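*Asks:* I'll drop the sequence and a predicted model, then ask my questions.
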Amino acid sequence: MNIVILAAGMGKRMRSRLPKVLQPLADKPMLEHVIEKARLLGSDNRLIVVVGHGAEAVKSYFHDQSDITFATQAEQLGTGHALLQALPYCDNSKSTLVLLGDVPLIRTETLQKLIVASGGNVGLLTVLLDNPTGYGRIVRKNGAVEAIVEEKDASAEQKAIREVNTGIMVLPTERLEKWLGELGNQNAQGEYYLTDVIARAVGEGVPVNTALASEATEVEGVNNKIQLATLERAYQLEKARQLMAGGVTVIDPSRIDVRGELICGKDVTIDVGCVFSGRVVLGDGVRVGAYCVLKDVEIGSETEVLPFCHFEGAAVGEQARLGPFSRLRPGATLANQTHIGNFVEIKKSVIGEGSKVNHLSYIGDTDMGARVNIGAGTITCNYDGVNKFRTTIMDDAFIGSDTQLVAPVTVGRGATLGAGTTLTKDAPDGELTIARARQMTVKGWKRPVKKK
């Protein structure tokens, strides 16, 4: 079938330079959510996006997605006019499903239900609202759909109708050119309403069938940042429900943000305020403390992440202990039973099994063996202002506090570095290496004082 997504509106009420359909929900543009749902209906469908305001920005964002055809609505003259721009790209022998770029939470199952209900004729997705203000009302006669009347054109009696149009519909493509060509704009908005084709269908005896959306949130549109935030929370609550249904303990479902793919094993616990983006995998028994931010991370079974950690592009083994206030940057790979403590940053480094970096340290571009102990305040000096260099620390090494390792340098197996060492040459296996100024006391020295 043809799938046309209407995405040409300006979105003045967003008060943003960003086109409305590119406004983010769960870290992705609203339009991307709609496109993903459309793709799930089948790979053989034609996907057409009608753009207008901010067209170049929208096209640029999706430039590498070859299955999308863009149609341009140069003037925003209404939804009927928008669909008319897509017709040259549609297959007349197939039905056309019309979706809206600012209705991001629509479910694929609901769309499948609508397609079946349409029966190759006209299908309307409707919803029952306690407060239908602002929506086009579904006007029926003897149970059959007679027309859709927009809020500004509705009578007092019609405004009392609770069943409303969602804007999502299935239409017979071979009739659309005629129906759309006959639309007028004699209405309160001065626009060509797509909803007016329903009256055309009724007049020609084409069956108009309906399917009812199960929840109002899946068909809610977004016109301002308040509505966007409302749908963001609805999206996140649904993600929390899915996690809990799968056995994850979510301490407070109203305080979690999943902005990508979160895959959890058994007995995972997630405390409040955590944000997950990209692809995050948590093994069995993982515990994530409050206010952690994890992006593109894989964490092994029985590992504990204490509060206020920030991980990105990292891999952590099993039975590790991380945080609080730890940062893992891209390329950080931690083996089993490692300890990374408070105010420790790891970048592009391998930390061997059982090794510990517990306090106030930076480890970058490092290959660290097993059972290494890094003292507080240790820094790998990996950058000379132009190039990066690697540090190697062999198994069972002990690095004293406040040590600087000036790369490229190697600390031998079982070696010990005394506290305060600035290491510029390799330290041999099994020996104590100290590189610091000898302590001395200058007798009789006086601190300088301000001159009067």
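*Replies:* Yes, it's here. Numbering: from 1, shown residues only.
*Asks:* surely V103 is in a helix?
*Replies:* No: according to DSSP: H, G, I helix; E, B strand; the rest coil, V103 belongs to no helix; its state is coil.
*Asks:* measure it to V21 for me?
*Replies:* 10 Å (C-beta to C-beta, to the nearest Å). For every residue, glycine as well, the C-beta is placed using N, CA and C.
*Asks:* between those two, which contacts overlap?
*Replies:* M30 (C-beta atoms under 8 Å, 6 or more residues apart in numbering).
*Asks:* between those two, who's got more neighbours?
*Replies:* V21 (29 against 23; other C-beta atoms under 10 Å).
*Asks:* and the more buried one, what are its phi and psi?
*Replies:* Main-chain dihedrals, V21, degrees, to the nearest 10: phi -70, psi -10.
*Asks:* what's the answer for A74, then?
*Replies:* Residue torsions, per degrees, to the nearest 10, at A74 are phi -60, psi -40.
*Asks:* check what pLDDT it gets.
*Replies:* Note on A74: pLDDT of 93.
*Asks:* show me where pLDDT drops low in the stretch 301-450 of the chain?
*Replies:* For the stretch 301-450 of the chain, no stretch is flagged by pLDDT under 70.
*Asks:* got the domain ranges for the chain?
*Replies:* 2-219, 236-433 (automatic domain parsing).
*Asks:* need these in a markdown table (columns: distance to L228).
*Replies:* Output for those, formatted as a markdown table (distance: least, C-beta to C-beta, whole Å):
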| stretch | distance to L228 |
| --- | --- |
| domain 2-219 | 6 |
| domain 236-433 | 13 |
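*Asks:* and V449, which of the ones you listed is closest to it?
*Replies:* V449 lies closest, by C-beta to C-beta, to one member of these: domain 236-433, at 29.9 Å.
*Asks:* start and end of the closest one, how far apart?
*Replies:* 54 Å (C-alpha to C-alpha, to the nearest Å).
*Asks:* okay, buried residues for the longest helix seen in the chain please.
*Replies:* Counting by DSSP state H, the longest helix found in the chain is helix 225-245. Buried residues in helix 225-245, defined by neighbour count with 16 or more other C-beta atoms under 10 Å: 228, 231-232, 234-236, 238-240, 243.
*Asks:* who's in contact with that helix?
*Replies:* Counting by C-beta under 8 Å, 6+ apart, 14-16, 23, 25-26, 30, 104-105, 217, 220-222, 250, 253-254, 256-258, 262, 264, 270 sit against helix 225-245.
*Asks:* separate out the buried members of these.
*Replies:* By 16+ other C-beta under 10 Å, these give 14, 23, 25-26, 30, 104-105, 217, 220-222, 250, 253, 256-258, 262, 264, 270 as buried.
*Asks:* restricted to strands, list these.
*Replies:* Secondary structure assignment by DSSP state E places 25, 250, 256-258, 262, 264, 270 of the buried ones among the contacts of helix 225-245 in strands.
*Asks:* got a markdown table for these, with pLDDT and distance to G136 too?
*Replies:* Below are these laid out as a markdown table (pLDDT from 0 to 100; distance: C-beta to C-beta, whole Å):
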| residue | pLDDT | distance to G136 |
| --- | --- | --- |
| L25 | 97 | 24 |
| V250 | 98 | 38 |
| I256 | 98 | 35 |
| D257 | 98 | 33 |
| V258 | 98 | 33 |
| L262 | 98 | 37 |
| C264 | 98 | 41 |
| I270 | 98 | 41 |
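*Asks:* in TSV: the residues you listed, plus distance to M394.
*Replies:* Listed next are these as TSV, based on distance: C-beta to C-beta, whole Å:
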residue	distance to M394
L25	49
V250	42
I256	41
D257	41
V258	40
L262	37
C264	36
I270	37
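*Asks:* which of those residues sit farthest apart?
*Replies:* With distances taken as C-beta to C-beta, the most widely separated pair in these is L25 and C264, at 22.0 Å.
*Asks:* ranges for the strands of the stretch 51-200 of the chain?
*Replies:* 68-72, 95-100, 122-128, 137-141, 144-149, 163-172 (DSSP state E, counting those that start in this stretch).
*Asks:* which elements pack onto the fourth one?
*Replies:* In this case it means strand 137-141. Using 3 or more C-beta pairs under 8 Å, 6 or more residues apart in numbering; DSSP states H and E, the elements in contact with strand 137-141 are strand 144-149, helix 156-159, strand 163-172.
*Asks:* of these, which stretch is the most buried?
*Replies:* strand 163-172 (a mean of 23; mean count of other C-beta atoms under 10 Å).
*Asks:* and for it, what's in contact with it?
*Replies:* Under C-beta under 8 Å, 6+ apart, the answer for strand 163-172 is 1, 6, 79, 95-100, 103, 106, 111, 114-115, 118, 120-129, 132, 135-138, 140, 148, 194-195, 197, 206, 213, 219, 221.
*Asks:* buried only: go through these for me.
*Replies:* The neighbour count (16+ other C-beta under 10 Å) marks 1, 6, 79, 95-100, 103, 106, 111, 114-115, 118, 121-127, 129, 132, 135-138, 148, 194-195, 197, 206, 213, 219, 221 as buried among the contacts of strand 163-172.
*Asks:* could I get the strands of the stretch 51-200 of the chain as TSV with distance to R279?
*Replies:* As requested, these are arranged in TSV below (distance: least, C-beta to C-beta, whole Å):
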stretch	distance to R279
strand 68-72	23
strand 95-100	26
strand 122-128	32
strand 137-141	41
strand 144-149	42
strand 163-172	30
